[in-house]
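J.: below: sequence and its predicted model.
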Amino acid sequence: MNKYGIDNLKYINSGVLLLNLTQLRSRFPCFASDILGLIARHTFSYPDQDAINLYFQKDYENIKLLPERYNFLLSIDDRAYLEHEQYQGKILHYTDSKPWNMSFPANIYYWKYYACCFSTEEVFSRMEVLKPTEYAYLFNFLLRYPKIRRMVKRVYSIMEYGFWRTIFKKIAKNFL
């Protein structure tokens with residue numbers, strides 16, 4: 001931000017954008033090519049985001065910030081581990097930790113909607129192999145759902161890593 005003279009109080013992230021395309025096209029007819037040109041000419045930390053901020057730094061008064069619920073950043077304050085109800089009514093923005101790389105409760109929603117587009121086999125082939133403790137954490141989180149709790153009542157002992165993975169897959173199939 002300092003390198004390009006962007007005020008850090010005016011810096012926006014590009015995780016969730018709501019654009020008035022009619023106004024954008026009329027005021028900035030070369031917007032897309034201008035942004036791509038900025039990205040090509042500079043080495044940005046966050047290419048699209050930094051280019052958008054640089055592009056609009058002199059036109060900031062036309063940027064309206066959305067309420068946080070439309071861009072709920074999961075990387076701050078351990079939000080990825082909030083209670084299930086605390087995610088309701090929010091657009092989850094996975095910033096540092098992507099849902100396909102790590103295990104935390106907010107990932108359930110990513111995989112739930114991913115599973116709507118692909119087969120169960122495809123979902124599990126894409127899931128990164130989790131550590132045993134992560135399976136245990138997800139398992140405990142999923143126990144909040146009555147249907148899953150009923151399934152788990154049949155399980156008497158959980159001792160080894162392979163068993164955790166098998167149990168998680170069975171539960172996730174029913175959940176997804």
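T.: It's in.
J.: strands along this structure, start to end?
T.: Using DSSP state E, the strands of the chain run over residues 72-73, 92-93.
J.: burial count for residue 67?
T.: 8 (other CB atoms under 10 Å). Heads up, the C-betas are built off the backbone N, CA and C, glycines and all.
J.: now do it against residue 35, distance only.
T.: Residue 67 is 25 Å from residue 35, where distance means CB to CB, to the nearest Å.
J.: what do you get for residue 1?
T.: Counting by CB to CB - residue 1 and residue 35 are separated by 17 Å.
J.: go through the strands of the chain and pick out the most buried.
T.: strand 72-73 (a mean of 19; mean count of other CB atoms under 10 Å).
J.: that one pairs with which strands?
T.: strand 92-93 (parallel) (DSSP bridges).
J.: looking at the strand it pairs with now, give me its mean pLDDT.
T.: Average pLDDT, strand 92-93: 84.
J.: same question for stretch 60-69.
T.: Mean predicted lDDT for stretch 60-69 stands at 85.
J.: contacts for that stretch, please.
T.: 7, 10, 12, 16, 18, 56, 89-91 (CB atoms under 8 Å, 6 or more residues apart in numbering).
J.: then stretch 26-45?
T.: Outside stretch 26-45, the residues within contact range by CB under 8 Å, 6+ apart are 4, 24-25, 47-48, 50-52, 54-55.
J.: tell me how many other residues crowd the nearest residue to residue 114 once chain neighbours are set aside.
T.: Closest residue to residue 114 apart from its sequence neighbours, by CB to CB, 6 or more residues apart in numbering: residue 123 at 6.0 Å. By other CB under 10 Å, 19 other residues sit near residue 123.
J.: that'll do, ta.
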